[in-house]
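# sequence-free structure coming up:
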């Protein structure tokens, strides 16, 4: 059996300002730092053989703060762009309320909550899954099948793609699945990656 723990980064400065962030490399807010430390308290006692984060510092800093707060022995994390947040294209940097006024609530809801409709010059959740899942299957799954324990800090949409894959959800189910900031989710997996238990810590 292996443990996989995943969590979204803590609040970023653009989460705080209600902006579309995507691939823009913004920092954690002070609240985000505190959330990361609180996540560390929740993962105390777990041992990880591998630690992963996206190529964006809000996920990397959340991972490092959480591991430090948990008292985990030093571990060299692996960062990869495949785990990045969904790319929001032309919406990146725009305030979400202003965007809704410009394009209409319904259009913005479609961009944010549909599975396969991308914002202008951006990615849909389907596009995000098309990079997250192969990376997971090729890089991370073999380690879990070998009984190793893994922690991943990433983003709301890259984690939605991964949860959809692991928990065999439909596109409709995953779009309604809320992922809180810095809320660790634990999976206990057998060596074929079947879920024994899945729960938030």
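Great, that's in hand. The model shown is predicted, which means the values in this text are computed figures rather than measured ones. Numbering: from 1, shown residues only.
# for residue 19, phi and psi?
With angles defined as degrees, to the nearest 10, residue 19 sits at phi -110, psi 150.
# ugh, typo on my part, it should be residue 22
phi 60, psi -120.
# quick check: it touching residue 90?
No - between residue 22 and residue 90 there is no contact, the gap being 10.1 Å when judged by CB atoms under 8 Å. Bear in mind the C-beta positions are built from the backbone N, C-alpha and C, glycine included.
# which neighbours do the two share?
Common neighbours of residue 22 and residue 90, counting by CB atoms under 8 Å, 6 or more residues apart in numbering, are residue 122.
# looking at the two, which is more packed in?
Remark: of residue 22 and residue 90, residue 22 carries more neighbours, 22 against 12, as counted by other CB atoms under 10 Å.
# for residue 168, see how far away the closest residue to that one other than its chain neighbours is.
Spatial nearest neighbour of residue 22, chain neighbours left out: residue 88 (3.5 Å); criterion: CB to CB, 6 or more residues apart in numbering. Distance of residue 88 to residue 168, computed by CB to CB, to the nearest Å: 27 Å.
# of these two, who's got more company?
Shown here are residue 88 and residue 168; by other CB under 10 Å, residue 88 has more neighbours (25 against 9).
# need phi/psi at that one.
phi -90, psi 0.
# dump the residue contacts of it.
Here residue 88 is in contact with 20-23, 119, 122-123 (CB under 8 Å, 6+ apart).
# adding pLDDT and distance to residue 37, write the residues you listed out as CSV.
CSV is the format used below for these (pLDDT from 0 to 100; distance: CB to CB, whole Å):
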residue, pLDDT, distance to residue 37
20, 96, 26
21, 97, 21
22, 97, 25
23, 98, 26
119, 95, 33
122, 97, 32
123, 97, 31
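# helices or strands up against the host helix or strand of residue 163?
For residue 163, the host element (DSSP states H and E) is helix 156-166. Packing partners of helix 156-166 (3 or more CB pairs under 8 Å, 6 or more residues apart in numbering; DSSP states H and E): strand 2-8, helix 125-135, strand 150-154, helix 171-175.
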